[in-house]
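Chemist: kindly generate the corresponding structure for this input.
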Amino acid sequence: EVQLVESGGGLVQAGGSLRLSCAASGFTFDDYAIAWFRQAPGKEREGVSSIDMSDGSTYYADSVKGRFTISINNAKNTVYLQMNSLKPEDTAVYYCARLIDIPSMVVGSWGQGTQVTVSS
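Modeler: Coordinates of the predicted model:
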């Protein structure tokens, strides 16, 4: 059974940092790409970042470039999202997802989400 478990969300002031973790199990980690999505109240879910396990290539939405960094720990089957210089508009529920198509960011499995709140 595929499982994706997020952690690391919380409340932080604008300009602060958080690191989200996504612990994956139930599939061969190296065969897939993992992405982070977020959904703010009243808005559609959007792709934030992804990493292709096969070659380490990454993607970042324009809104987070230069502030967020995605990385992996293969030994722990864990993907991280380091979020720096956080802004109130980064407030959202952040979801980890296993992609089945990288360019279009089609999701095969979702995690349960973790809340990130950035206060001004």
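
Chemist: quick one: stretch 46-63 to chain centroid distance?
Modeler: The chain centroid and the centroid of stretch 46-63 are separated by 9 Å under CA atoms, centre = their mean, to the nearest Å.

Chemist: and that stretch, what's buried?
Modeler: If you call a residue buried by 16 or more other CB atoms under 10 Å, then stretch 46-63 has these buried ones: G47, V48, S49, S50, I51, M53, Y59, Y60. The C-beta positions use only the backbone N, C-alpha and C, and glycine is treated the same way.

Chemist: for stretch 112-120, same thing?
Modeler: With the criterion 16+ other CB under 10 Å, stretch 112-120 contains buried residues G113, T114, V116, V118.

Chemist: closest to A14 among the buried residues of stretch 46-63?
Modeler: For A14, the closest of the buried residues of stretch 46-63 turns out to be V48, at 17.8 Å, with distances computed as CB to CB.

Chemist: residue contacts, the residue nearest in space to the middle of the chain?
Modeler: The centroid of the chain falls nearest to W36 when counting by CA atoms, centre = their mean (2.5 Å). With contacts taken as CB atoms under 8 Å, 6 or more residues apart in numbering, W36 has the following neighbours: 20, 22, 47-50, 70, 79, 81, 94-97.

Chemist: following element in sequence after the helix or strand bottoming out on mean pLDDT in the chain, please.
Modeler: Ranked by mean pLDDT, DSSP states H and E, the weakest helix or strand in the chain is strand 106-110, scoring a mean of 93. On the C-terminal side of strand 106-110, the nearest following helix or strand under DSSP states H and E is strand 114-119.
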